[in-house]
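In: below: sequence and its predicted model.
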Amino acid sequence: MMLIAEQKKKENIAEYILYMWQMEDLVRGSELAIERVMTKIFPEYDPSDEMVAEYRGWFLDIIEEMKDSGLEKQGHLQTVKRHISMLSELHQSLITAYQDKEYIDLYKKAVEDIRLLKSKSGSQSLSDVEVCLTGLYGLLLLRIQKASISEETMQAMNRIGKVMAHLSESFKRYQSGELSFPPELNN
């Protein structure tokens, strides 16, 4: 059996990051209490179920790391931050070292959307990749809340989504060894 997070990490790193942000929010919303988390995920469960036990252990690890890292109110797990950093490095490599024409074209179409998101968030220090992920996560939350989303926002998020899909596919190729970071990024 494979946890959803493990499957997403192998298949689409951007979806994995968004899923992990959602799990961080779930844990925070449960006040870092494992029983509250478990009843939100499995409203009626048999504690002897192997899958439930695996998820319980996984969530206990997340809760422990969040407590140890002071992430009770905000912030992200170290492994998630590491993946965002790797994606940011790959983003730069696709533009500069690899000069991936398809990626550059997708990025150029979305760059104004990214700048607008960055200015609206007030976080000029975020990388373009983290801004894209934050925007996609915001869209996910709006959809969960069944909020109305303007056509303009949907078009912008579609452009950003295409950038992240290409970046995630490139990351998958990197993970499989088909693509490697340029030597200057392998340090």
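Out: That came in fine, so what should we check first?
In: using CSV, list the CA coordinates for stretch 69-83.
Out: Output in CSV follows, covering the C-alpha atoms of stretch 69-83 (Å, rounded to 0.1, in the frame of the first residue of the first chain):
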residue,chain,number,x,y,z
SER,A,69,10.0,23.1,14.2
GLY,A,70,7.5,25.6,15.8
LEU,A,71,5.1,25.2,12.9
GLU,A,72,1.9,25.1,15.1
LYS,A,73,0.6,28.3,13.5
GLN,A,74,2.3,28.7,10.2
GLY,A,75,5.2,27.6,8.0
HIS,A,76,6.0,24.4,6.1
LEU,A,77,7.7,21.1,6.8
GLN,A,78,11.4,21.0,6.0
THR,A,79,10.9,18.3,3.3
VAL,A,80,8.3,20.4,1.6
LYS,A,81,10.6,23.5,1.7
ARG,A,82,13.4,21.4,0.2
HIS,A,83,11.3,20.3,-2.7
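In: so what secondary structure elements neighbour the longest helix along the chain?
Out: Longest helix in the chain by number of residues (criterion: DSSP state H): helix 151-176. With contacts taken as 3 or more C-beta pairs under 8 Å, 6 or more residues apart in numbering; DSSP states H and E, helix 151-176 sits against helix 4-11, helix 13-29, helix 78-95, helix 101-121, helix 128-144. From N, CA and C alone the C-beta is placed, and that goes for glycine too.
In: buried residues in stretch 38-48?
Out: Neighbour-count burial for stretch 38-48 flags Met38 (criterion: 16 or more other C-beta atoms under 10 Å).
In: what does stretch 153-161 give?
Out: Ala156, Met157, Arg159, Ile160, Gly161.
In: just stretch 107-122 next, same as before
Out: Counting neighbours by 16+ other C-beta under 10 Å, stretch 107-122 gives Tyr107, Ala110, Asp113, Ile114, Leu117, Lys118 as buried.
In: so the second one touches Val163, yeah?
Out: Yep, that's Ala110 we're talking about. Yes. Between Ala110 and Val163 a contact is recorded at 4.9 Å, counting by C-beta atoms under 8 Å.
In: mutual contacts of these two, please.
Out: Cys132 (C-beta atoms under 8 Å, 6 or more residues apart in numbering).
In: follow-up on the earlier one: can I get the helices and strands packed on helix 151-176 in JSON lines with distance to Lys172?
Out: Converted to JSON lines, the helices and strands packed on helix 151-176 look like this (distance: least, C-beta to C-beta, whole Å):
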{"stretch": "helix 4-11", "distance to Lys172": "7"}
{"stretch": "helix 13-29", "distance to Lys172": "7"}
{"stretch": "helix 78-95", "distance to Lys172": "11"}
{"stretch": "helix 101-121", "distance to Lys172": "14"}
{"stretch": "helix 128-144", "distance to Lys172": "15"}
